[in-house]
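Asks: Build the 3D model from these lines:
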Amino acid sequence: MIAVEENAVYPVLFTVAGWEIRSYTVFLCLGILAGLLAGWGEARRIGYGWRRIAAFMLFVLPLALGLGLVNGWLFNPDFYTALAHSRVALRGGLISFGALVGAFLAGGLFARVVHEPLGRGTDPIALVLPLVLGITRIGCLLNGCCFGREAEGFGTLYLPGRFGVWADRYPTQLILMVFDFLLFAWLWKRRTVKPYEGDLTVSFLLWFSLIRLVVDGLRDLPVLFLGLSLHQVFAAVTLLCMAALALIIRALAAGPRASRRRTRPD
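Replies: Just a heads-up that it's a prediction; the model follows:
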């Protein structure tokens, strides 16, 4: 039986002088702060000065947050309903897909401006993004957003959904949080032995899009195409593009090795 409980979720952590401090905002800020600190340390390790690091952060953050917000509007069905009535409904919160596009776009543009390889601008972003997203998922859980659909049996937990309605659900926020932290740990270990600039970016997008394709299938999202939600379509396109790019890079890397073997004297 589903029950509606007061204070079932905690969208507002506390109030200061009449201002509501919301859970999602708090953990989003904590995630960004943790990502900035981790990124700062990595940038110093590879020899960047503090001015370049600060410029990079100021270049990336606005575009990432801005496109994340725009993506929230575009992924909200109310946006299109309002357009049909010649109105504009700008609400929906931040969406990670848009934030990723903004962050990687900014990183790539920054690399071009300072005349560095594209991957050198996007790899630091790929490295810290899982940490940012993992911490932000705590805010999603407290806020009651990004919840899984109701289900029964193994793998479900009694969790709140929209409007604080508790039920047995797929714990999508927790699944994504654990995955993000594991991905961050793996990329952090890999950062010193990556085979080429851009490897962290390709690896991140491959794993992120694959997991989102699966986990978003456990959410109660509107179906758009072939039984997939808009989130899953975006994840599927990203997965296919990154898989193709990874195969091309592997083939290009194998070419010179094969040539060296053929020309090696007996």
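Asks: Break down the stretch 1-150 of the chain into its strands, ranges please.
Replies: Remark: strands assigned in the stretch 1-150 of the chain by DSSP state E, counting those that start in this stretch are 3-4, 12-16, 19-22.
Asks: Including mean neighbour count and distance to Cys241, could those strands go into JSON lines?
Replies: C-beta coordinates here come from the backbone N, C-alpha and C atoms, glycine included. Shown next, in JSON lines, are the strands of the stretch 1-150 of the chain (neighbours: other CB atoms under 10 Å; distance: least, CB to CB, whole Å):
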{"stretch": "strand 3-4", "mean neighbour count": "10", "distance to Cys241": "42"}
{"stretch": "strand 12-16", "mean neighbour count": "12", "distance to Cys241": "38"}
{"stretch": "strand 19-22", "mean neighbour count": "12", "distance to Cys241": "34"}
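Asks: out of the ones you listed, which comes closest to Gly227?
Replies: The closest of the strands of the stretch 1-150 of the chain to Gly227 is strand 3-4. By CB to CB, the value is 30.3 Å.
Asks: about what we covered before: Gly153 is nearest to which of the strands of the stretch 1-150 of the chain?
Replies: It is, among the strands of the stretch 1-150 of the chain and with distance given as CB to CB, strand 3-4, at 19.8 Å.
Asks: Which of the helices and strands in the protein ranks last by mean pLDDT?
Replies: Lowest on mean pLDDT, DSSP states H and E among the helices and strands of the chain sits strand 3-4, with a mean of 35.
Asks: Provide the secondary structure category for the spatially closest residue to Pro117 that is not a sequence neighbour.
Replies: Once flanking residues are discounted, Pro117 sits nearest to Glu197: 4.5 Å by CB to CB, 6 or more residues apart in numbering. At Glu197 the chain is in coil, as set by DSSP: H, G, I helix; E, B strand; the rest coil.
Asks: what's Glu197 in contact with, if anything?
Replies: 117-120, 123 (CB atoms under 8 Å, 6 or more residues apart in numbering).
Asks: what's the spacing between the longest helix seen in the chain and its chain's center?
Replies: Longest helix in the chain, counting residues (DSSP state H): helix 230-263. Relative to its chain's centre, helix 230-263 lies at 21 Å (CA atoms, centre = their mean, to the nearest Å).
Asks: Check which residues of it are buried.
Replies: 230-232, 234-236, 238-239, 242 (16 or more other CB atoms under 10 Å).
Asks: Make JSON lines out of the residues you listed and add pLDDT and distance to Arg190.
Replies: As requested, these are exported to JSON lines (pLDDT from 0 to 100; distance: CB to CB, whole Å):
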{"residue": "Leu230", "pLDDT": "86", "distance to Arg190": "31"}
{"residue": "His231", "pLDDT": "89", "distance to Arg190": "27"}
{"residue": "Gln232", "pLDDT": "93", "distance to Arg190": "27"}
{"residue": "Phe234", "pLDDT": "91", "distance to Arg190": "25"}
{"residue": "Ala235", "pLDDT": "93", "distance to Arg190": "22"}
{"residue": "Ala236", "pLDDT": "95", "distance to Arg190": "25"}
{"residue": "Thr238", "pLDDT": "93", "distance to Arg190": "20"}
{"residue": "Leu239", "pLDDT": "95", "distance to Arg190": "19"}
{"residue": "Met242", "pLDDT": "93", "distance to Arg190": "16"}
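Asks: Save the strands of the stretch 1-150 of the chain as a markdown table, and put in distance to Ala54 too.
Replies: Putting the strands of the stretch 1-150 of the chain into a markdown table (distance: least, CB to CB, whole Å) gives the following:
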| stretch | distance to Ala54 |
| --- | --- |
| strand 3-4 | 47 |
| strand 12-16 | 29 |
| strand 19-22 | 27 |
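Asks: Of all those, which one comes closest to Phe147?
Replies: Set against Phe147 and scored by CB to CB, the strands of the stretch 1-150 of the chain come closest in strand 3-4, at 14.3 Å.
Asks: now the residue positioned nearest the centre of the chain: how far from Trp40?
Replies: Among the residues of the chain, Ser96 comes closest to the average C-alpha position under CA atoms, centre = their mean, at 4.5 Å. In this structure, Ser96 and Trp40 are 22 Å apart, going by CB to CB, to the nearest Å.
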